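Engineer: have a look; sequence and predicted model below, questions after that.
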Amino acid sequence: MNINGLRPRTGNGRKIYIETYGCQMNVGDTEIVVSLMQDEGYIYTENIAEADIILVNTCSVRDNAEQRIRGRLQEFRQYKKRKNDLLVGVIGCMAERLKEQLLEQEQIVDIVAGPDAYRDLPNLVRTAAAGGHGINVQLSREETYAEISPVRLDKSGVSAFIAIMRGCNNMCAYCVVPYTRGVERSRDPQTILREAHELFEAGYKEITLLGQNVNSYQWKEPDGSIIDFPELLKRVAEISPRLRVRFATSHPKDLSDKLLEVMAATPNLCRSIHLPAQSGSTRMLALMNRKYTREWYLERIAAIRRMLPDCAITTDLIAGFCSETEEDHEATLSLMREVGYDFAYMFKYSVRPNTKAARTMEDDVPEEVKTTRLQQIIELQNELSLTSNRRDIGKRFEVLVEGSSKRSEEQLFGRTSQNKVVIFDRGNYRPGDYVTVEITDCSSATLIGRPVTA
Ligand code: SAH
Ligand code: SF4
Ligand code: F3S
C-alpha cells in the first residue's frame, strides 16, 4: 500500500473535523475515530468552517487542560449559529470523567463518547442528529480497536504511532488516567505487526509503540506462550533495520533488564527512554503510590547507563504534591542532577476529583510555593538540557529527516536516535532520509549540525 491508502479519503459527504488535546494516545485515537467515521461515509476536514460535526478529543490530566478545552467549546457557538444542524461532540478523557454532567455544563455539546465507545460513534451521531443526546461512556475490559487501520493524519509521512495497549492499572494517587481509560489490556501482536508492516511499506521510517505503561504489555497466545514487551519490540524492529522503533511510556517499576538487553542487541531500537520519576523523594513516591524508591529508580538508571551507554533519558516531574516539603523538593532537584536528564516534562500538581489523593490527602502546598518549585525545576532542567546538548558538539549522528525547520525553508529538521532535534541545511535531502550530521552548535532545545559524507 502506498501512503495515499493510509491518508484521509476525499470526495463528497458529510464533513467531520477533530481537534485533539492531551497525550499521544489521544493522537492515535483520533486516527481510529477518523477511520471509523470514514467507514460511515464521513469525510475528514481540517477546515472547521465546513464541518458538519466537530469533535474534540479531550484530556483530563490536569485542571488547566480541561479549562482550555471548555474555553474552546464556547468558541464553537459561532459555527453553530451559522449552521443549525452542526453537531458538537466531546470524546476522550473529559467525556469519560464528566459523563452526562458535560451535557449540562456545556450546553453546546450534543455527543459524549468515552475512549472505549468509539465504535458506537456513528450511532451516537444519529441520535444527536435526531435531536437527542448521544452519550456512551461505557469502559471496556477488551476493547483495543485491534483490527482497525487508523487513518494517518500526521503531516510528514515519516513517523507514526501505534497503540499497543490501553488503560492503566497503576493507580498513582494523583492520576485520573485509570478512571478515564479503564483497566489495562494488550492488543493482539499480529495486528500490531500488520500495522507496522503497512506503515513501513507506505514509506514510514519510524514507529512509536504507545501505552500508559508499555512494559506491562503481555499477550497470551492460544498455545499458552506469552509475548511480552521486549519480545514484541524485537519483532517490530525485525521488520527492517531501516525502521526506527521507539516506545512510551515506561513505568520505572517495570523496566526490566530483558528490555535493556533487547535494546542493546538491536540498533534500530532508538536510544531514548522516557522514565517518569515524578519526584526524587522516597516519601513522596510512597504517597504517590509509585511503587519504587529513589534508590530503586537510580538503580534502574544505572542499569540503562551500563547496558546502553549512549541512551538519552527523559522524565516527567510533578512539583508540589500533597505535603511536599522543601526537603522533598530538594530531593527532586538532586535526583535531576544525579541522573542528568536530557529532557523533562514538568508540571504543578493539580488535584483531580475522585483520585486517591483527592479523597484522602490535602492539597496543602500553596500555589505560590508550587510555582516557585516548578520554576526551579524548569531552570535546572534547562541547564541540564544545555549540558547534554553541548556534549554532542563535534559528534556525528544519524538523523532521520522529518520536515522543514520551523524557522526556515532552507533548513531541515530531524531527530537523532536519542530523540534530539537537529537542524541543518537542506541540500538535496528530503523528509524520510537518513543523514549523517556532525553537530556544530546547540541551544538547550536543539542541536545544529552539518551533513557529512561518512
Ligand atoms: N502513563 C504515563 C503518564 C501519563 S500522564 C506515566 O505513568 O508515566 C503524563 C504525566 O502527567 C505524568 O507522568 C505526570 O507527571 C503528570 N500528571 C499526571 N497527573 C497529574 C496531576 N494530577 N497533576 C500534575 N501532573 C500530573
Ligand atoms: Fe497515571 Fe500512574 Fe497510570 Fe501513568 S502509571 S497513567 S501516572 S496512574
Ligand atoms: Fe490526558 Fe487522557 Fe492522555 S487524561 S494525558 S488524554 S490518557
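Structural biologist: The structure has been received and is ready for your questions. Numbers count the residues shown, from 1 in each chain. Ligands and ions are numbered 1, 2, ... in the order given.

Engineer: excluding its backbone neighbours, what's nearest R294?
Structural biologist: Counting by C-beta to C-beta, 6 or more residues apart in numbering, the nearest residue to R294 once its immediate chain neighbours are dropped is T282, at 4.7 Å. Using the backbone N, CA and C atoms, a C-beta is placed for each residue, glycine as well.

Engineer: what number of residues lie near that neighbour?
Structural biologist: By the measure other C-beta atoms under 10 Å, the count of residues near T282 is 17.

Engineer: wait, it touches T293, no?
Structural biologist: Yes: contact criterion C-beta atoms under 8 Å: T282 and T293 qualify, at 4.4 Å.

Engineer: extract the C-alpha set from stretch 120-135 and format it as PDB.
Structural biologist: As requested, C-alpha coordinates have been extracted for stretch 120-135 and formatted as PDB (Å, rounded to 0.1, in the frame of the first residue of the first chain):
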ATOM      1  CA  ASP A 120     -20.600   3.500  18.800                       C
ATOM      2  CA  LEU A 121     -19.900   7.000  17.500                       C
ATOM      3  CA  PRO A 122     -21.900   6.600  14.200                       C
ATOM      4  CA  ASN A 123     -24.900   5.600  16.300                       C
ATOM      5  CA  LEU A 124     -24.400   8.400  18.700                       C
ATOM      6  CA  VAL A 125     -24.200  10.900  15.800                       C
ATOM      7  CA  ARG A 126     -27.600   9.500  14.500                       C
ATOM      8  CA  THR A 127     -29.200  10.000  17.900                       C
ATOM      9  CA  ALA A 128     -27.900  13.600  18.100                       C
ATOM     10  CA  ALA A 129     -28.900  14.400  14.600                       C
ATOM     11  CA  ALA A 130     -32.500  13.300  15.500                       C
ATOM     12  CA  GLY A 131     -32.400  15.900  18.200                       C
ATOM     13  CA  GLY A 132     -31.400  13.800  21.200                       C
ATOM     14  CA  HIS A 133     -28.100  13.500  23.100                       C
ATOM     15  CA  GLY A 134     -25.800  10.800  22.000                       C
ATOM     16  CA  ILE A 135     -23.900   9.500  25.000                       C
END
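
Engineer: get me the contact residues on this protein for ligand 2.
Structural biologist: C168, N170, M171, C172, C175, V177, P178, Q212, N213, H251 (C-beta under 6 Å from any ligand atom).

Engineer: okay, and the fourth one sits in which element?
Structural biologist: When secondary structure is defined by DSSP states H and E, C172 falls outside every helix and strand.

Engineer: and it, how far from A286?
Structural biologist: Counting by C-beta to C-beta, to the nearest Å, the gap from C172 to A286 is 11 Å.

Engineer: more neighbours, those two?
Structural biologist: Regarding C172 and A286, a neighbour count based on other C-beta under 10 Å identifies C172 as having more, with 21 against 14.

Engineer: dump the residue contacts of the more buried one.
Structural biologist: Q278, M288, N289, R290 (C-beta atoms under 8 Å, 6 or more residues apart in numbering).

Engineer: kindly recompute the last result at 6 Å.
Structural biologist: When contacts are counted by C-beta atoms under 6 Å, 6 or more residues apart in numbering, C172 is found next to M288, N289.

Engineer: sounds good, over and out.
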